[in-house]
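A.B. asks: with the input below, show me the fold.
(chains A and B)
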Amino acid sequence: MDESADIARAVVKTTCPYCGTGCGVDVTVDGDHAKVAGDKEHPTNYGRLCVKGTALGDTVVAQGRLLYPQIRDADGVMVRRSWDEALDHVAARLQGIVDEHGRDAIAWYVSGQLLTEDYYVANKLVKGFVGTANIDTNSRLCMSSAVAGHKRAFGEDIVPVSYDDLELADLIVLVGSNTAWCHPILFQRIVREKERRPEMKIVVIDPRRTATTEMADLHLPLRAGADVRLFNGLLTYLNQHGIVDTAFIERSTSGLKEALDAAEAGGADVRAVAEQCGLDAGQLAEFYRLFAVTERVVTCFSMGVNQSSAGTDKVNAIINCHLLSGRIGKPGAGPFSLTGQPNAMGGREVGGLSNMLAAHMDLESAADRDTVQTFWSSPAIADKPGLKAVDLFDAIDEGRIKAVWIMATNPVVSLPDADKVKRALARCELVIVSDVIEKTDTTAFAHVLLPAQGWGEKDGTVTNSERCISRQRAFVAPLGEARADWWMLAEVARRWGFAAQFAYQDASDIFDEHARLSAWRNDGSRYFDIGGLAGLGTAGYDALQPVRWPVTASVEAAALQAFADGRYYHTDGRARFIATPPRAPVNPVDDEYPLVLNTGRVRDHWHTMTRTGLSATLASHIAEPYVDLHAQDALLSGVSDGTLARVSTRWGSLVARVKISGEMPRGTLFVPIHWNAQYASDARVGGLVNPVVDPVSGEPEFKHTPAKVEAFTVAWHGFVLSRDALPMETHSWWTRVTGAQFNRYELAGRDTDADWPNLARAALGANSNADWLEYEDRSAGLYRAALLVDERIEACIFVSQRSDLPSRAWLSGLFAKDVLSEPDRIGLLVGEPLEAAEDQGPTVCSCWGVGRNRIIDGIRKHGLTTVAALGEKLQCGTNCGSCVPELKVLLAQSRVAA
Amino acid sequence: MTVVSLRRRPRLVVVGNGMAGMRTVEELLKFAPEHYDISVFGSEAHGNYNRILLSPVLAGDKQFADIMLHTREWYAANDITLHAGDPVVRIDRNRRVVVSQSGFQAPYDRLLLATGSKPFVIPVPGHKLPGVIAFRDIADVEAMLSASRSHKRAAVIGGGLLGLEAANGLMRQGMDVTVIHVMDSLMERQLDKPAASLLRSALEKRGLRFLLSAQTAEIIGTDRVTGIKFKDGSEIETDLVVMAVGIRPNFDLAKSAGLYCDRAIVVDDTLQTHTDPRIYAVGECVQHRGAVYGLVAPLWEQARVCAGHLAAVGYKRYPGSVTSTKLKVTGIDLYSAGDFIGGADTEDLVFRDPRRGVYKRLIIRKSDGGDRIIGAVLYGDVADGPWYFELMQKNADISALRNKLLFGRSFCEASGQAA
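C.D. replies: Alright, predicted model coming up:
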């Protein structure tokens, strides 16, 4: 009792559960609310947090949580069961399927959001005790190309760069990465360094103009999928200009000739390469020149590189350039994979992908298999790679896999050809889902639901992009009967008779075993060695400070920069140049599908929104699913800004709001990955993505699917704001947005003769005596109504034939008021206050809640010209800084207007 | 005498000592105070009072003295001869003389007819019984007040503005009042059905009873009214019947003088009668371009034009009035203007806020490539009535304002500045 009271009061240091940056977070629990602040001592963020991190407190809530184990009964209804019943059922059913169909008939699909300890136990159970390698993870969708590239080049999955190197570099190349939105804190570190040393150069290589390109010295908007050509061109250029570290190449590498031959075959001349990449030759030459003359170069790459049918080649094409110039294993130099998920790296350490074994050991190596099996005392060991994510769900669809346990991920939303995933799960004999959220697109298909602990409840470690291991600590009691994922797995193992091998008391026992395995029979043959962290004990584990691996028993190794000694981890100790003949994306555009669909994240959402969707702060930046495209393509497709469009590919279609941001090059589309059936009628972009994968890494080509855009004609547009959740699923198109004290529904419909006065009353629950205001202009198709209870707004609805509905911002603010004033009431159905300046417009700075209109107004009124001045006046951009690029754009635009 | 007669001022005789006639005289005095010898004949034995304010007198909110516009002293001070309580009964156009009830003969050079209108009394059996009265002048008000002191139950026939005001006044005097209306909706000439039903429920809350779609067949009683019988056979008991079913232009005198009359005395744009250019007519007794008006605003417009011509400084023409009504029925603000019913080619903007007691409707017609207001009904919040009326009179294209129009001028102008 006393202990829990102490937990409640103390500041708990933990780690943010979103992107791979891995920021330290200080949490103070105050009553029901978790107050979140950046951990000033954490070497990643030194106290800073991005918008998503700052809003973490909003997500530590009971809303939507899966609280109890449930099993689908014979009638298809989910019924609450005890843990024992659920686990008995799971253990028996899985055993039954293995007995009947063999061990490869069951599979696990896990997640980069599991903690290392959960991941470790899952991998151990599957590979050592079920004896199959059919365990894959959503990291497959994220950075498996980087892993494969690292392994091909270095012989081991080693990220040779740290965040500190970004501050030592004189040139930072960001490839296929909207760092400003997807790794905001990392980006802020880069920006601050750039401010300190303006001579440092930033080059961004990305088809899109993004918040990241705003800060770049040079933006190369290359043609989608042309990265290999560009870096082959760079390799050729460096070679031609003698930027070759001959001694290093002699001593530490092999394969240069083949790589150079392949590169030169693609075009030895900058102009030819520029043309292939759709770039201006002068700009490309400038980049090559910068790279050539700068010793300290870090090339950061992310999903734009990895998520490609040539993802691994792209990674190697980048690494080749660093190897050739010898810019690796030195301060401020090297290729740097920015991972998407909080614990993608931890998953790789434990071997949680279907083609890995454990502790960076190889599945294909008999010696490694023996090492691991012996260490685990396991009855079996998987001896061939299992199925990678896309193949795994294909196998489910084809009935080869009969049971799947999905942990902490939402494949119905996130996998390519996601409608097929739906179909596969619908056919699957046994679908077990352990998750924190009850209703997701994936839990809908579960036969067994197991409540997992969420962030703040679970306890363990994560490893970020720079190999830094940090503790994620619990600070609240688990809700309902939620348990750790490792516990569920260990309980199943116990039921299978392996209690001794899974006798963990807590996460520290697992971490200890993981650390010992990394050092066991290692003797320097594997760079991943955290033997120095073995034997910490519970107290030592609890107190563990962020630490970058390797942490060997002999301390010196930790201080050493990876590869500084010129030693690599292929058996010959050398790095490999990889020949990367350029390949176009698998599915080219054609007349029917003339546009390239690109997908990605937006600033304030994370994955499938199961958590960020709960936060009103985060929902305010970009509220709706959208498709961004070039104005000319919009014109040719017959759509315009703000209207709805159907985006189709050969695999599926969705409907989203058209946005012409001016950021898209001709011929391309961008659709965010986040929205799904919980938040929108028809916005799951996974359903559109071609199920094409990289032949080496198995990572899907999320960034290149041929697509077309057509107008989605509706008879009316509308929105509803309501304190209570309302059923809106009957409308042709809807999106749900979380507001501060309300739900917001964006709607559109095709019925032309809707009887709005009656429909609206029914939908918003206004009886005939209700305090009900309405405005109708039937000929113009306009209807607006509001429901008040005791002078407080309860709900409102706005409908129009056109998409020119009033701003939701001011109306949203009314929900914060207990009593509407007379002017508020009068303005209510106008949708704006009498004093127009009060409407802030869409939020730009989520941290301080500063809207676009207020910023523009501030710029004009006070003649502000810098982000700093804006921050001083309005606070915007002064916390996490993620909006700074947007502020710069607003400053620039306002100058033009003035 | 001859010298005097050569230099004498022309004589203006005004028939009708009411609001239209006296407003014209007032305007005339402003233009040309010395131009005429003026004499005024009126049937009521008073100076000129504001007939619109009879309702507050009935309700006890005002005294008769409060609503006097022109007292006898005023006539004297302006050198106007007033024949109060002695109406003109004949016009001799050949001799240019009018003859009063008392036999007084007054010659004229210019004659102004402002005979107003008279209440319409439904000629059902019993309509002449004691206790059956109209609501037109101060005598009627006094009769009602006296009845309210000795009787309890009243019935008002007519659910228009006048009827409702009479009913309210009688209720305020302590009577139980039933309003009988032949239509299914109150004030159908000023309000659309939604507004009428709001009004009805508001008045019911205050204690009035309503019988709508009720056709009076007979007023029952032997020596005084005791009840009303309806065509469907039902009956109610009552001690007083107020007939407020409408007014008719009073043009018997003009007609007997041979002036061309249709539904009223026909005048042209200078308010001269069709037949005799020496004779002018203004107010509820005239028919101008086919229209007969029963509201005050057109009277003011007519008075100004007519006075200018009488003063021989006239160049203005009276083009007719678009009417608007701003009414206050027992504290409920109402405003209506133009064609507030609309038709197949019109479009409605409607706002309802029943909790605040607000209903607004604008009737829009698309013409000449724009949206034009052709009518308005406002209930509860009438502040923007005059603005809508102005837009309507200007035939302004409101398409740019359309989405905010009904929310008022301040919203439209605020957004205009922002844009």
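A.B. asks: and residue B:52, what is it in contact with?
C.D. replies: For residue B:52, the contact set (C-beta atoms under 8 Å, 6 or more residues apart in numbering or on different chains) comprises B:19, B:296. Glycine gets a C-beta too; all of them are placed from N, C-alpha and C.
A.B. asks: checking it next. Helix, strand or coil?
C.D. replies: helix (DSSP: H, G, I helix; E, B strand; the rest coil).
A.B. asks: could you do residue B:218 as well?
C.D. replies: Classification of residue B:218 by three-state DSSP places it in strand.
A.B. asks: I'd assumed residue B:229 was in contact with it.
C.D. replies: Yes: with contacts counted by C-beta atoms under 8 Å, residue B:218 reaches residue B:229, the gap being 4.4 Å.
A.B. asks: could you list the low-pLDDT ranges of chain A?
C.D. replies: Where chain A drops to pLDDT under 70, the residues are A:1-9, A:555-559, A:835-839, A:896-898.
A.B. asks: list the helices and strands the helix or strand hosting residue B:148 packs on?
C.D. replies: Per DSSP states H and E, residue B:148 falls inside helix B:138-150. The contact analysis (3 or more C-beta pairs under 8 Å, 6 or more residues apart in numbering or on different chains; DSSP states H and E) places helix B:138-150 against helix B:54-59, strand B:132-134, helix B:161-172, strand B:240-243.
A.B. asks: which SS class is the nearest residue to residue B:238 once chain neighbours are set aside?
C.D. replies: Leaving out its chain neighbours, the residue that sits closest to residue B:238 by C-beta to C-beta, 6 or more residues apart in numbering or on different chains is residue B:155, at 4.1 Å. Following three-state DSSP, the label given to residue B:155 is strand.
A.B. asks: let me see the backbone angles for residue B:276.
C.D. replies: The phi/psi pair for residue B:276 (degrees, to the nearest 10) reads phi -130, psi 110.
A.B. asks: isn't it right up against residue B:93?
C.D. replies: Yes: counting by C-beta under 8 Å, residue B:93 is a contact partner of residue B:276 at 6.0 Å.
A.B. asks: what distance separates the helix or strand residue A:895 falls within from the centre of its chain?
C.D. replies: Applying DSSP H and E as the criterion places residue A:895 in helix A:884-897. For helix A:884-897, the separation from the chain centroid amounts to 28 Å (computed by C-alpha atoms, centre = their mean, to the nearest Å).
A.B. asks: contacts for the helix holding residue B:148, please.
C.D. replies: B:44, B:46, B:49, B:54, B:57-58, B:64, B:131, B:133-135, B:154, B:166, B:169-170, B:173-175, B:239-240, B:242.
A.B. asks: quick one: the residue of chain A positioned farthest from its centre from residue A:789, how far?
C.D. replies: Note on chain A: the largest C-alpha distance from the chain mean falls to residue A:769, namely 48.2 Å (C-alpha atoms, centre = their mean). Distance of residue A:769 to residue A:789, given as C-beta to C-beta, to the nearest Å: 11 Å.
A.B. asks: check residue B:147 too.
C.D. replies: Counting by C-beta to C-beta - residue B:147 and residue A:789 are separated by 47 Å.
A.B. asks: of these two, who's got more company?
C.D. replies: Using other C-beta atoms under 10 Å in any protein chain shown, the more surrounded residue of residue B:147 and residue A:789 is residue B:147, with 23 against 12.
A.B. asks: and chain A, which of its residues are near chain B?
C.D. replies: Contact residues (C-beta under 8 Å from any C-beta of the partner chain) of chain A with chain B: A:771-780, A:782, A:788, A:825-827, A:829-830, A:832, A:834-836.
A.B. asks: do that again at 7 Å, thanks
C.D. replies: With the criterion set to C-beta under 7 Å from any C-beta of the partner chain, chain A comes near chain B through A:771, A:773-780, A:782, A:826, A:830, A:834, A:836.
A.B. asks: reformat these as a markdown table; add neighbour count and secondary structure.
C.D. replies: Listed next are the residues of chain A next to chain B as a markdown table, based on neighbours: other C-beta atoms under 10 Å in any protein chain shown; DSSP: H, G, I helix; E, B strand; the rest coil:
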| residue | neighbour count | secondary structure |
| --- | --- | --- |
| A:771 | 19 | strand |
| A:773 | 24 | strand |
| A:774 | 21 | strand |
| A:775 | 23 | strand |
| A:776 | 23 | strand |
| A:777 | 22 | strand |
| A:778 | 13 | helix |
| A:779 | 15 | helix |
| A:780 | 17 | helix |
| A:782 | 20 | strand |
| A:826 | 21 | helix |
| A:830 | 22 | coil |
| A:834 | 17 | coil |
| A:836 | 15 | helix |
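A.B. asks: nearest to residue A:358 among those residues?
C.D. replies: residue A:836 (62.5 Å; C-beta to C-beta).
A.B. asks: got phi/psi on residue A:737?
C.D. replies: phi -130, psi 130.
A.B. asks: what about it, neighbour count?
C.D. replies: Using other C-beta under 10 Å, residue A:737 has 22 other residues around it.
A.B. asks: I'd say it and residue A:744 touch.
C.D. replies: Yes: counting by C-beta atoms under 7 Å, residue A:737 touches residue A:744, with 4.1 Å between them.
A.B. asks: list residues touching both of those two?
C.D. replies: Common contacts of residue A:737 and residue A:744 (C-beta atoms under 7 Å, 6 or more residues apart in numbering or on different chains): none found.
A.B. asks: generate a ChimeraX selection restricted to the buried subset of the contacts of helix B:138-150.
C.D. replies: Buried residues among the contacts of helix B:138-150 (16 or more other C-beta atoms under 10 Å in any protein chain shown), as a ChimeraX selection:
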select /B:46,49,54,57,58,131,133,134,135,154,166,169,170,173,175,239,240,242
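A.B. asks: run through the contacts of helix B:138-150 and flag the ones next to chain A.
C.D. replies: Restricting the contacts of helix B:138-150 to those touching chain A (C-beta under 7 Å from any C-beta) yields no residues.
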